[in-house]
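S.K.: following is a predicted model, sequence given first.
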Amino acid sequence: MPLLAGTVAFSRFRIHGGSPKRLDDRLLDKLRAQVIGERTGVAAGEEEIGWIGGRHLLDREFDLEKNILLDCLHFGMRVDTSRIPPDLLHAYAQQELDALLRDRPPTQPVRGRSTVATSAEEDDESHHTANGRSNGRGRAFAKLRKQAVDTARQRAAQEIKQGRYRRMQQVPILLDSRDDLLYLGATTPALVERLLPLFKETFDKRLEPLTAGSLAYQWAEARGLSRRIESIQPARFVEHPGGNGQIDVYWTAGDPNSRDFLGNEFLVWLWYTLAEETDTIGLADETEASLVIVKQLALECPWAESGKAVFSADGPASLPESRSALSTGKLPRKAGLIVSRQGEQYEFVLQAETLNVTSGVLPKLETNGNPRAYYEERLEQIRHLSHTIDLLYGAFLEKRTDAEWPLLHEKIRAWMSGTVARSAPIHVDQAAEVRAPVV
């Protein structure tokens with residue numbers, strides 16, 4: 001069962017109105033009604049989306065023993081797309097054109113030539129004009145070429161209807177009825193766009209993506225601090241080099257109410273705390289989490305002016321190059337982390353604005369010949385990792401909404417703008433900086 005084995009990646013969604021609490025066969029009937037291959041209104045050859053049982057790509061069966069684990073529902077979504085390879089479509093069109101040229105009656109010599117022009121020659125002629133008009137041979141060839149392309153497309157459409165060129169992709173899903181959360185075992189926006197309407201159609205409930213902003217609002221609402229989150233603006237850690245006072249973060253500026261920029265500030269705070277204060281952070285549930293930034297650190301200019309920098313090293317946060325990038329105003333957009341809490345250690349990459357997890361390595365479990373017990377332990381590990389991320393983020397939000405934030409903000413500003421001593425060169429994979437479009 002994917003998501004319950006191997007490396008973990010997930011994005012999370014809040015189930016509005018609460019998740020189904022009775023995990024019974026009637027709930028599975030809703031999945032069966034929207035199983036891949038059985039949904040109505042899908043024409044042959046079109047993209048098709050539907051549920052699968054979760055064990056493998058072709059699993060279309062649902063039963064209580066397999067799909068209900070503890071108080072969670074495990075299943076999957078499959079996306080089938082059909083698209084002929086462009087090179088093959090081009091070959092079909094060329095075959096049709098060659099056949100049309102062979103079957104065409106011989107033409108009279110043109111401009112002193114005594115032979116029929118090749119397709120390449122006629123294609124060249126079709127681009128030449130005399131007194132602003134195409135010559136007759138060019139128009140004739142263009143007509144043949146259009147006929148060949150239309151025939152090739154008809155042939156491709158027929159083959160797609162027969163099931164050829166189908167690409168099937170499966171995505172694991174966990175519906176956590178205890179926490180009213182849904183875990184999608186993917187982070188790509190295209191798969192999220194396909195999940196949301198299918199879930200609504202199946203369960204008549206709306207999914208809200210959990211991002212840094214939505215989690216901040218949720219955290220604040222539980223503490224009566226909603227207005228503080230609403231009034232927060234992006235922190236000005238580094239002054240804009242042009243002195244224009246711009247503080248917007250371009251990748252979240254499209255939705256000024258999202259507050260997803262708090263995820264970038266969260267990683268800045270983690271970086272500062274680990275570098276200047278402690279590697280152990282106290283959490284709201286009276287536990288502690290120990291952290292280290294490892295393997296990967298990606299930063300980007302929030303003003304869309306000086307591009308991106310990606311660092312790959314055992315300790316990327318301590319590299320002079322990464323500190324230098326931070327001092328110019330670049331903000332972290334993702335970071336590799338090792339987090340230890342309550343005797344469990346997780347290694348993963350955290351995306352700042354969405355708090356999505358990729359490349360997650362969970363503590364190793366022993367099967368002991370009992371696969372179900374293994375899956376249930378794995379499910380609890382995913383929950384524990386999810387709660388740990390939320391608690392760490394909550395520790396940052398406590399600081400961000402506290403009256404002492406201005407003092408901490410000044411400390412982080414001074415740390416970010418501090419002079420970085422140069423040392424011997426260290427091998428770093430740094431992405432070429434490209435100018436991003438200004439939003």
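M.R.: Arrived safely, thanks for sending.

S.K.: buried residues in the longest strand along the chain?
M.R.: In the chain, with assignment by DSSP state E, the single longest strand is strand 288-300. Taking 16 or more other Cβ atoms under 10 Å as the neighbour-count basis, strand 288-300 is seen to contain the buried residues 289, 291, 293-300. Every residue, glycine included, has its C-beta placed from N, CA and C.

S.K.: now the spatially most central residue of the chain: how far from Thr358?
M.R.: Per Cα atoms, centre = their mean, the C-alpha nearest to the average position across the chain is that of Thr188, at 2.6 Å. Using Cβ to Cβ, to the nearest Å, one gets 10 Å for the distance from Thr188 to Thr358.

S.K.: can you check Leu350 too?
M.R.: Using Cβ to Cβ, which is the criterion applied here, Leu350 is 8 Å from Thr358.

S.K.: quick one on the thing from earlier: what is the longest strand of the chain packed up against?
M.R.: Helices and strands touching strand 288-300, by 3 or more Cβ pairs under 8 Å, 6 or more residues apart in numbering; DSSP states H and E, are helix 261-276, strand 280-282, strand 308-313, helix 320-327, strand 331-341, strand 344-351, helix 371-400.

S.K.: quick one, the third one and helix 320-327 angle?
M.R.: In this structure, strand 308-313 runs at an angle of 150 degrees to helix 320-327, with axes from the mean of the first three to the mean of the last three Cα atoms, to 10 degrees as the basis.

S.K.: same deal with the fifth one?
M.R.: Taking the same axes, to 10 degrees, one finds that strand 331-341 is oriented at 120 degrees with respect to helix 320-327.

S.K.: partner strands of strand 331-341, with direction?
M.R.: strand 288-300 (antiparallel), strand 344-351 (antiparallel) (DSSP bridges).

S.K.: how far does it sit from its chain's centre?
M.R.: For strand 331-341, the distance from its own C-alpha centre to the chain's C-alpha centre is 17 Å (Cα atoms, centre = their mean, to the nearest Å).

S.K.: and the average pLDDT for that strand is what?
M.R.: Throughout strand 331-341, pLDDT has a mean value of 97.

S.K.: show me the shaky parts of this protein.
M.R.: The chain contains residues with pLDDT under 70 at 1-2, 39-46, 106-136, 243-247, 419-439.

S.K.: so what are the domain limits for it?
M.R.: In the assignment given by automatic domain parsing, the structural domains of the chain cover 8-82+167-208, 86-161, 212-416.

S.K.: what lies in contact with the helix or strand harbouring His90?
M.R.: When secondary structure is defined using DSSP states H and E, the element that contains His90 is helix 86-103. Contact with helix 86-103 is made by 116, 119, 144-145, 147-149, 151-153, 155-156, as judged by Cβ atoms under 8 Å, 6 or more residues apart in numbering.

S.K.: from the residues you listed, which is closest to Leu64?
M.R.: Of all the contacts of helix 86-103, the one sitting nearest Leu64 is Ala156; the distance, using Cβ to Cβ, is 43.2 Å.

S.K.: residues in contact with the closest one?
M.R.: Contacts were defined as Cβ under 8 Å, 6+ apart; by that measure Ala156 touches 84, 88-89, 92.

S.K.: ranking by neighbours, what's the top pick from these?
M.R.: With neighbours defined as other Cβ atoms under 10 Å, the most crowded of the contacts of Ala156 is Tyr92; it has 20 neighbours.

S.K.: quick check: that residue vs Ile160, distance?
M.R.: Taking Cβ to Cβ as the criterion, Tyr92 is separated from Ile160 by 13 Å.

S.K.: swap in Lys334?
M.R.: Note on Lys334: its distance to Ile160, by Cβ to Cβ, is 37 Å.

S.K.: contacting residues around Gln147?
M.R.: Applying Cβ under 8 Å, 6+ apart, we find Gln147 in contact with 96, 100.

S.K.: could you look up the SS state of it?
M.R.: With DSSP: H, G, I helix; E, B strand; the rest coil as the basis, the three-state label of Gln147 is helix.

S.K.: identify the residue spatially nearest to Glu208, adjacent ones excluded.
M.R.: Distances taken as Cβ to Cβ, 6 or more residues apart in numbering put Arg14 closest to Glu208, at 4.5 Å, once the chain neighbours are dropped.
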